[in-house]
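S.K.: coords please:
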Amino acid sequence: VRINARGGLIDRTFVHCYSALLTLLEDIYRGYCCATFGTPEPKALEILAYVNRFGAILMKSLTRTEVARLLAIKVNVPENSTATAKAYEKARRFIDVQNALMWRDLTADRTYVKVETAVLENERLRGAYHYNGTQTGRWTSLNINLHNLAKDGNLEECRDGRAKVLARDTDVLEVDSKGKGRLWLLRTAFIAPKGSKLVMMDFRQIEARILAWFAGEEWKVEAFRERRDIYKETASKLFGTPLDRVTNEQRKCGKLAELGLGYGGSAKVLIDRGVNSSVATRIVAGWRNINEGIVAMWERLHKAYTYTYTQRRDSSVNGVLLSVHQNGIAIKLLTGRTIVCTEEPNKVTGATLTARVISAMARDVLATALVRLSREGIKVVMHQHDEVVAEVEEAKLEEVIAKMQEVMVASAEVVQGLATPLEVSVKVNDFYY
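M.R.: Predicted coordinates for the structure are as follows:
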């Protein structure tokens, strides 16, 4: 309630300039689409059909990965006088396709317009969160989805992008070869008031830590306790490489595996992020082999859920209690809170049940931290996933950051018996990024 009432301070000048640039972008996009597809707002199937006819590669969808693959192809248009008409036309059409796709994703997001119209008195965006909005109890957003603000740029890129937006420099609209536009710049519209800084504190890998402990994956719990690089540890086991010889590319695969496979993710999760299909298949098999406890947890939770649903009797898994509820199956977490799942057993997987249990407990750690931070007089203005953002007076920065770290790490005690230590990362800046 207090976060909704306080709201985050918005740089209205920045939002206005950003809105003006993207309005220009929409006009450019419509022009490309009219010239290329014959309509200002082509449907996805129309775009795919044209791309597969003139795009030189076969596309099955318009995901970021697929679009980036097409954008990465370099095309040189031959001089019309020295090339055959067919070669010239093919190259020109291919570039038309690239231009249209470059602008498509950016213009699909209208969040910047919502921010511009939703800012209330004192330049603050209030009432953005809906409490207990999901099945796990996590917050959802009202009007503007603050949990879905893109996060692609580092601090220097954000500073450069902000300067270009404020100067209304159209270069900021460009999309790079990885398919990244500049929608992530909208994060930087949230600013600190004069004399203060924004302190951004994020629980590091909180769900992975709780999952490793809950499933009894001891090698991971030990790695977290000793503050080792879990992505590197995973890569070492996946590729059979000594830790000191793990390459950056192998670590990247380890990171993708940790982020995407804990709740039953398939090879497609990795393929969509640029991993070769055969490599992705091997990574999935390898990850499940080295995480037998987590895979077993999927099965145990589903078995208990099925038993309680069909036999109408209570069951438990590692202290999590399942019982019959009027709307389905009640699952009492190790935080003391209860969530309810309504699906029949054949309509939900054990991996999904595991995801709900772990996400719900991570949510309770965050909720506990938010309450305790408020009691300490710390002005939290927003939160995104497992990150807390507070406005802190510059004169009190060191003191408040230390208190925030203490409070957030200690909030892990709400999960009964949690043996994996939590850590937080800290960023301090004039704007959110």
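S.K.: Please tell me how far T136 sits from E399.
M.R.: Summarising the geometry, the distance separating T136 from E399, computed by CB to CB, to the nearest Å, is 34 Å. Any C-beta I mention is one placed from the backbone N, CA and C, and that applies to glycine too.
S.K.: Which of the two has more residues huddled nearby?
M.R.: T136 (19 against 11; other CB atoms under 10 Å).
S.K.: how near is the residue lying closest to the more buried one once chain neighbours are set aside to V348?
M.R.: Taking CB to CB, 6 or more residues apart in numbering, and ignoring the residues beside it in sequence, T136 has A360 as its nearest neighbour in space, at 4.0 Å. Distance, A360 to V348, by CB to CB: 15 Å.
S.K.: Those two: which is more packed in?
M.R.: Residue environment comparison for A360 versus V348 gives the larger neighbour count to A360, 23 against 20, counting by other CB under 10 Å.
S.K.: Give me the distance between the host helix or strand of the more buried one and the centre of its chain.
M.R.: Secondary structure from DSSP states H and E places A360 in helix 350-375. Remark: helix 350-375 is offset 16 Å from the chain centroid, using CA atoms, centre = their mean, to the nearest Å.
S.K.: following that helix, which helix or strand comes up?
M.R.: Sequence order places strand 379-384 as the next helix or strand after helix 350-375, per DSSP H and E.
S.K.: Give me the helices and strands touching that next one, please.
M.R.: Applying 3 or more CB pairs under 8 Å, 6 or more residues apart in numbering; DSSP states H and E, one finds that strand 379-384 contacts helix 2-6, strand 8-9, helix 350-375, strand 387-393.
S.K.: now that strand against helix 350-375, angle please.
M.R.: Strand 379-384 and helix 350-375 meet at an angle of 170 degrees, taking axes from the mean of the first three to the mean of the last three CA atoms, to 10 degrees as the criterion.
S.K.: Could you give the average pLDDT over strand 379-384?
M.R.: The predicted model assigns strand 379-384 a mean pLDDT of 93.
S.K.: go on, stretch 330-339?
M.R.: The predicted confidence, averaged over stretch 330-339, sits at 98.
S.K.: Output that stretch as CSV, restricted to C-alpha atoms.
M.R.: Backbone C-alpha positions of stretch 330-339 (Å, rounded to 0.1, in the frame of the first residue of the first chain) are rendered in CSV as follows:
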residue,chain,number,x,y,z
ALA,A,330,-4.0,-26.4,-0.8
ILE,A,331,-0.3,-26.4,-0.5
LYS,A,332,1.1,-25.1,2.8
LEU,A,333,4.6,-23.7,2.2
LEU,A,334,7.6,-23.7,4.6
THR,A,335,6.9,-20.0,5.1
GLY,A,336,3.5,-20.7,6.7
ARG,A,337,1.5,-19.3,3.8
THR,A,338,-0.9,-21.5,1.7
ILE,A,339,-1.4,-21.4,-2.1
